[in-house]
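# 3D model of this:
(4 chains, ligands or ions: 2)
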Amino acid sequence: MKTIVIGVIGADVHAVGNKIIDYTLVNSGYNVINIGVLSSQEDFINAAIETDADLIMVSSLYGHGEIDCRGMREKCIESGLEDILLYVGGNIVVGKQDFNETLKRFKEMGFDRVYPPGTSIDLALNDIKEDLGE
Amino acid sequence: MKTIVIGVIGADVHAVGNKIIDYTLVNSGYNVINIGVLSSQEDFINAAIETDADLIMVSSLYGHGEIDCRGMREKCIESGLEDILLYVGGNIVVGKQDFNETLKRFKEMGFDRVYPPGTSIDLALNDIKEDLGE
Amino acid sequence: MKLKNKKLDLKEFFKEREEVLCGWKTGNDSELDLETTVEYLKSVPSYKNFAFVLNKAKKHGETLIQPRAGVPELGEHIKLLQFLEKAGADFLPSTIDSYTRQNRYTEAEKGLDESMDKHRALLNGFPAVNHGVKSCKQVLEAINVPIEARHGTPDARLLSEIIHAAGWTSNEGGGISYNIPYAKSIPLEVSIRNWQYCDRLVGYYEEQGIKINREPFGPLTGTLVPPAISNTVMIIEALLAAEQGVKNITVGYGMGGNLIQDVAAVNSLHSQTKEYLKRFGYENMEISTVFHQWMGGFPADEAEAMALISYSSTVAALSKATKLITKSPHESMGIPTMEANGLGVKASKFIVRMLQDQRITRSEDLNEEMDLIKREVNCLMEAVLKVGEGDLAVGTVRAFEQGLLDIPFAPSQYNAGKIFPARDNDGRIRILEFGNLAMDQDIKDFHYNKIKERADSENRKISFQMTVDDVYSVSKGKLIGRPGK
Amino acid sequence: MKLKNKKLDLKEFFKEREEVLCGWKTGNDSELDLETTVEYLKSVPSYKNFAFVLNKAKKHGETLIQPRAGVPELGEHIKLLQFLEKAGADFLPSTIDSYTRQNRYTEAEKGLDESMDKHRALLNGFPAVNHGVKSCKQVLEAINVPIEARHGTPDARLLSEIIHAAGWTSNEGGGISYNIPYAKSIPLEVSIRNWQYCDRLVGYYEEQGIKINREPFGPLTGTLVPPAISNTVMIIEALLAAEQGVKNITVGYGMGGNLIQDVAAVNSLHSQTKEYLKRFGYENMEISTVFHQWMGGFPADEAEAMALISYSSTVAALSKATKLITKSPHESMGIPTMEANGLGVKASKFIVRMLQDQRITRSEDLNEEMDLIKREVNCLMEAVLKVGEGDLAVGTVRAFEQGLLDIPFAPSQYNAGKIFPARDNDGRIRILEFGNLAMDQDIKDFHYNKIKERADSENRKISFQMTVDDVYSVSKGKLIGRPGK
Ligand code: B12
Ligand code: B12
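Ligands and ions are numbered 1, 2, ... in the order given. Next up is the predicted model:
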């Protein structure tokens, strides 16, 4: 059973999607570690280390995603999580921006997959399957 | 008292604006000759000759205004109405077009004043006053 | 011509048909042979059959969406309809241009040619007669939902022949509703007789086992029409159509603007249409209703227009109409672009789906409004039947002659044009001046009191100015045209 | 700290105030001297005073419009508000960014600086504390309608000081409504105590003859919140505020989606708030209501979003709420552009004006739904008062601890999070799993039967999947999340 850490980063309190992601991933047969809303990069990383997770799924809904996610890949590496997969999704920047730009910015930050607004967790299940090789 | 011929040109049956224009112009002290909907260029011109009118106000709502109004100025001149004022208003072309283009086309056809969609008769009263010099 | 509400004799119908088909060159088309048309119509799959799809929607209590749309050139028209289907339209229209509506096929041809030359629409619709059966079939074959012809044609005989032959399984119109608001000098007996022909054609197909829908045009002039008047016209046209053998009828209503009055109007329209059909012995009729989004002057602002479209859809859904005909955010400007038209469809569809499982339960107020409309309709119907000495068609002609039936703001000289409507303090459409309208005195008193109440609250006298203010008000963002601010 | 529902002693309040103002450098501002603030607030003209404009609207039965809006940079923020005023907003907001909401002023400063550098908003709102009183005054002075601060801040003491000092005459929030949906690990007694401070500040100004409006945040998590739960929270926060001397209160409600349930909810919210205030002896209270357009996930399509905005406005107008808070067609995407925000304002304003003179008359159905909500609210209120042994503030803390009061989908660890809502067959929000919620058994049975009815009609068992389906449904264009097609 693969382990996925989920949570909502920064000062973000949007809890609904987080609960639905939890429910959906568990239903799809994953071991889900949910650190909830208002979580820092460190919270994610510590949870991943403790549970030997395969994937960290960062949610950011409230618009500060760009600020909140900076340096996360570097921190993972520092903590010994060289190979961990990093996803980010929700409404990750402020406003309706050209998504290609956003994608580029987050890819440069080291995220493996970056989802545009309106991508429900169901639509990402295939990617997860592929990346975790099950 | 100045005399104004009003009517709706071509195969156009939009009668509501016509009735309101009638009411408004009479209320503003004009002698109104209303030839109604489905009127030809000849109908307008004959009414203007018979009543020695000062102004012909052509309404066209349904979109065929451009076809219906062509040659009207020439017909007026042929009929001896060299100086009669010609206005046109309503929704005079098909669809939401750049009004400057439309204006140009109708000015070239010899209309003295050309009104964009949404210009109610009340908004034209000043122009009438000015042009009829009262 | 002797008008009578009696099913046309088939032999006479065939004779007349020969003349009708000579109206324009496309009438010669071999695809208009009745054997061919019957065969083609039988091959139309049920999901493209209007009657079938309507019946299904009605059974499930759904409200389906139909835009207005039509451009002159064939390829463009098909593109437009395909776009609207993708936007979510459940039914598609082909709105016919105004020259065709007046049987001016030569002018339509000119407009069509010039539109093609200039790559700019110079006609306000699709000239189906000039295009002929083959092209109309191409339209049907390019899409996956039923098609209806929408027009405003007092003499639609040739048009009807062509569109049905092409597998379009619904035709809008009627002898009153496509004359009084759409013509100036065509006698009612002429248009009613012409529409008997159109209905007989549908009756003929019905006899061959082919279901075709007919839709009297409910909104009439679209301008402050009191519900009882349009409902009466709908019922008359349903009865006239039924006599010619039409079985599947959609009676229409154009939104008035007050929620309760609108819901009351649609509900009573449905029940009274069924009642009258039964009373006159027409069996196995399939009756549905169509709700037209606000038919009067629209606001120029597109966000406001979207709001009005959405509000109209809310009322339609709450009234449980089977079909909803949409407008676009360009309404006040001109024929909409494809994209603008699609926005109207999407917004409307969203609303009817949101409200699919909701209903307005009967309040006292709603019941009273329904009772009022029914009583008014009964007054008008009795008057028509009385002056017709038993014949509905004759009665209709005479009732209009005498102003017993009268439609506000209509251009026709065969309409008395004596009545004036105005809104009451709740925004319901009442009658300010009755002219000769055949209503009982207590009903007139009720209307007067309602309008008086409003006039008093606005500190003014009852006058035509109220009507004028109400004609403008919605386009200015208010239901009631109150003076001042 | 010993929490008690008792008006804060003025001396203690002043002492606390000194600490509060040390929270960030802008707290040192001389414009925060109470003499200066009182003088400035007194100079705010009545048309910019929230309480005054609300009272007037309520008297005339009007529904006024307020958008959500806030960007980090001062000049841009002013431009945005001016634009929205022109679009027709009757009230203006200043939505505060999320760092400020968590009192993380350093991060807010960073975000603000970077936004100015990059000419691109990196904060999701206007960091009013970082801007300080002077800048906030500039905002007020640039526009001609009242301003409210809208946030989601468990400890809004410094923020409240700054905004009121700047003449902003309304503050949204409350000890429950700005904690449970907006925080994870802040104890309720802390946030309630903090909001007593904010309310006491308003009470202080009230004592100086200055009217300031307070608005508890009704929608809570915005996600399938049963009306009785949010109404109970509103009533509690109104009572807590009244105790601190607040006089002008606007209780809120977030649209659920079923017309009848929504109208019932707003009507009973208004009457029960008044009832409870009276019962606890608060006199001369001015109570109005605010309706929030759909607060859950929005559809991505902008035409659909406009339809949802318009439908929400229709419900607001029919419920006769005094204020309507709008969304924009960009809602599902992100903070809207100025223009998109304006579209929402225009559509909303159009609808409330169209419906200004209309009302939904009481049907049996509406009355029953109101009775139900009132009975449910009474159950919850009694439970709170009981566990509080007479003290409302203490009761609230304990009720949440024990799950007697419970808010669905809330992030706070001080919320039990045991209840799950789901829609019934009419789309009304019912409760599928009650957890420990303090409701009478017959009410629970009623909910169960309603949900069972739906489950049966959908051929499935009652389960959390229904809740999940209902969370998504509106964004997919249906009110009820039915399986299949
Ligand atoms: C009501 C209406 C109808 C009714 C008319 C009933 C009747 N017999 O009167 C019905 C339903 C029958 C109808 C039919 C049709 N209509 Co129509 N109709 C309207 C609608 C909604 C309102 C018109 C109205 O009464 N407004 C209220 C009055 C008071 O305003 P008004 O007409 O604009 O007139 C005022 C001003 O324009 C101005 N004015 C008018 N003329 C002049 C002249 C001068 C010199 C000046 C200064 C001012 C002026 O003063 C008037 C009084 O203030 C408009 C769209 C809109 N405006 O929202 C479409 C509209 C005019 N119709 C339109 C069309 C195309 C049709 C149809 C062809 C059907 C179709 N395709 O949908 C048929 C036409 C049939 C025919 N042969 O003419 C189009 C025209 C398109 C275009 N120009 O690109 C419009 C714009 C709708 C649209 N966007 O598609 N229609
Ligand atoms: C409900 C809601 C709220 C509620 C939240 C209650 C709660 N505690 O959960 C309340 C009212 C409290 C709220 C508050 C705020 N909100 Co809010 N909120 C929403 C809203 C309307 C719906 C969110 C929701 O629950 N959707 C339903 C769930 C099921 O969907 P979801 O959250 O999108 O999650 C799904 C997907 O995104 C995806 N997903 C999520 N994360 C990830 C990660 C990965 C890797 C993948 C693959 C997928 C994935 O899967 C999830 C399940 O399918 C959205 C707008 C919208 N979407 O319509 C705004 C929205 C998210 N909020 C917004 C904002 C700004 C705020 C506020 C700052 C206030 C404000 N300015 O209006 C505060 C934030 C407070 C804070 N500190 O965080 C903005 C964000 C703007 C931006 N990014 O540009 C939005 C987009 C609205 C807007 N257009 O302005 N909000």
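
# and the strands in the chain?
Let's take chain A. Remark: strands assigned in chain A by DSSP state E are A:3-8, A:31-34, A:55-60, A:85-90, A:113-114.

# switch to chain C, that's the one I care about
According to DSSP E, the strands that chain C contains are C:64-66, C:92-95, C:147-150, C:170-172, C:213-215, C:248-254, C:286-292, C:323-325, C:420-423, C:429-433.

# hang on, the earlier thing: make JSON lines out of the strands of chain A and add mean neighbour count, mean pLDDT and distance to B:G71.
The way it works is simple: take the backbone N, C-alpha and C, and place the C-beta from them, glycine included. As requested, the strands of chain A are arranged in JSON lines below (neighbours: other Cβ atoms under 10 Å in any protein chain shown; pLDDT from 0 to 100; distance: least, Cβ to Cβ, whole Å):
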{"stretch": "strand A:3-8", "mean neighbour count": "24", "mean pLDDT": "98", "distance to B:G71": "70"}
{"stretch": "strand A:31-34", "mean neighbour count": "18", "mean pLDDT": "98", "distance to B:G71": "77"}
{"stretch": "strand A:55-60", "mean neighbour count": "25", "mean pLDDT": "98", "distance to B:G71": "66"}
{"stretch": "strand A:85-90", "mean neighbour count": "22", "mean pLDDT": "98", "distance to B:G71": "63"}
{"stretch": "strand A:113-114", "mean neighbour count": "20", "mean pLDDT": "97", "distance to B:G71": "63"}
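
# what's the spacing between stretch A:58-73 and its chain's center?
Computed by Cα atoms, centre = their mean, to the nearest Å, the chain-centroid distance of stretch A:58-73 equals 9 Å.

# buried residues, it. List them.
Neighbour-count burial for stretch A:58-73, counted by 16 or more other Cβ atoms under 10 Å in any protein chain shown, picks out A:58-69, A:72-73.

# just those: which are in helices?
Among the buried residues of stretch A:58-73, the members found in helices (DSSP state H) are A:G65, A:E66, A:I67, A:D68, A:C69, A:M72, A:R73.

# surely the third one meets D:L122?
Yes - the pair A:I67 / D:L122 is scored as a contact, 6.0 Å apart, by Cβ atoms under 8 Å.

# check contacts around residue 127.
Reading this off chain A. Shown in contact with A:D127 (Cβ atoms under 8 Å, 6 or more residues apart in numbering or on different chains): A:Y87, A:R113.

# my question was about chain C
Per Cβ under 8 Å, 6+ apart, neighbours of C:P127: C:P72, C:I96, C:D97, C:Y99, C:T100, C:Y105, C:A108, C:E109, C:G111, C:L112.

# grab the two from the residues you listed that are most spread out in space.
C:I96 and C:E109 (14.0 Å; Cβ to Cβ).

# looking at these two, which is more packed in?
Using other Cβ atoms under 10 Å in any protein chain shown as the criterion, C:I96 and C:E109 rank with C:I96 on top: 26 against 17.

# from chain B, how far out is the nearest residue to that one once chain neighbours are set aside?
Leaving aside its chain neighbours, C:I96 sits nearest to C:H151 (3.9 Å; criterion: Cβ to Cβ, 6 or more residues apart in numbering or on different chains). In this view, C:H151 and chain B are 12 Å apart by Cβ to the nearest Cβ, to the nearest Å.

# my read: C:H151 touches C:G173, true?
Yes - using Cβ under 8 Å, C:H151 is in contact with C:G173, at 6.5 Å.

# how close does the nearest residue to C:G395 once chain neighbours are set aside get to B:L55?
In this structure, C:G395 finds its nearest non-sequential neighbour in C:G388, 2.0 Å apart by Cβ to Cβ, 6+ apart. Distance, C:G388 to B:L55, by Cβ to Cβ, to the nearest Å: 45 Å.

# nice, that's everything, thank you.
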